[in-house]
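Visitor: this is the structure alone, sequence omitted:
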Ligand code: BTN
């Protein structure tokens, strides 16, 4: 019964030492009926996964590597809204606990000082043609130093420690803030719809108003990011003034 899930946000957090990926652990719990809000957090991931088949570097004790079970009663086409919601939740928690002024690059990469500080991977599982559950995977580079990044990631990743002038951030406090923000925004979303979440996203976005490239297998297009549509897609205006909506994928900000 879906209703029982919507009304009950579970605050249980399971902590693990080393896992391949918290996404798989959370899926196992979700398959066994874990309620909405159940979170799995690991000290280290040996096979952390990012979007688009990338690896996610997850060294021991340096970050928050966490996956949360969600059971929204939504059509599959609206799940991009949850991706944006998760970005807003983490951005608010980071600002609150560390003071680092993170911003959101569409859809939900968090940047600080122009570099990536957090990534979010929302995966949906289907049953009988509808949405069964979602797993929101959150990876925050908390106390990584420049030396923690493999060579190929130099210049791409940063951390709260680096951006905060070398002051370590309490991972426990930040984890609690992320979960509290997720619960708050998710409840707001269930009760009032996407609009309030969208307004918060827009106020924290570093993408809106910027000139961007959008890369697809068919090629690269260019436009100005002018807003979000009702489903959470990004609206791009090209030089001729035509507006297109992109639903997923990756953009590059120009300049
Ligand atoms: C991205 O920016 O590409 C998304 C990165 C998501 C990383 C998190 S860490 C916790 C969870 N477990 C994983 O294997 N991936 C996500």
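Guide: Now that the structure is in, tell me what you want to look at. This one's a predicted model, so the numbers in the text were calculated from it and none came from an experiment.
Visitor: tell me which element the closest residue to residue 108 other than its chain neighbours is part of?
Guide: Computed as CB to CB, 6 or more residues apart in numbering, the closest residue to residue 108 that is not its neighbour in sequence is residue 87, at 3.2 Å. Placement of C-beta: from N, CA and C, glycine included. Per DSSP states H and E: residue 87 is located in helix 79-98.
Visitor: after that helix, next one along is what?
Guide: Beyond helix 79-98 in the direction of the C-terminus, DSSP H and E gives the next helix or strand as strand 103-105.
Visitor: hmm, who's touching that following strand?
Guide: The contact list for strand 103-105, computed with CB atoms under 8 Å, 6 or more residues apart in numbering, reads 84, 87-88, 91, 110-112, 201, 204-207, 251, 253.
Visitor: re earlier: just give me the neighbour total for the residue nearest to residue 108.
Guide: For residue 87, the neighbour count with other CB atoms under 10 Å is 30.
Visitor: hang on, isn't it packed against residue 122?
Guide: No. With contact defined as CB atoms under 8 Å, residue 87 does not count as touching residue 122 (9.7 Å).
Visitor: picking up where we left off before, may I see the PyMOL selection of the buried members of the contacts of strand 103-105?
Guide: This is how PyMOL selects the buried members of the contacts of strand 103-105, with burial counted by 16 or more other CB atoms under 10 Å:
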select buried, resi 84+87+88+91+110+111+112+201+204+205+206+207+251
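Visitor: in a markdown table: the contacts of strand 103-105, plus pLDDT and secondary structure.
Guide: Output for the contacts of strand 103-105, formatted as a markdown table (pLDDT from 0 to 100; DSSP: H, G, I helix; E, B strand; the rest coil):
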| residue | pLDDT | secondary structure |
| --- | --- | --- |
| 84 | 95 | helix |
| 87 | 97 | helix |
| 88 | 98 | helix |
| 91 | 98 | helix |
| 110 | 96 | strand |
| 111 | 96 | strand |
| 112 | 95 | strand |
| 201 | 95 | helix |
| 204 | 97 | helix |
| 205 | 96 | strand |
| 206 | 95 | coil |
| 207 | 95 | coil |
| 251 | 92 | strand |
| 253 | 92 | strand |
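Visitor: doesn't residue 49 make contact with residue 121?
Guide: Yes. Proximity of residue 121 to residue 49 meets the contact threshold set by CB under 8 Å, at 6.6 Å.
Visitor: name the residues of the protein found near the ligand, please.
Guide: Within the chain, the residues that sit near the ligand (CB under 6 Å from any ligand atom) are 21-23, 45, 48-51, 54, 56, 58, 65-67, 109, 119-121, 137-139.
Visitor: repeat that with 8 Å
Guide: By the rule CB under 8 Å from any ligand atom, the part of the chain lying against the ligand is 20-24, 42, 45, 47-52, 54, 56, 58, 63-67, 108-109, 116, 118-121, 137-139.
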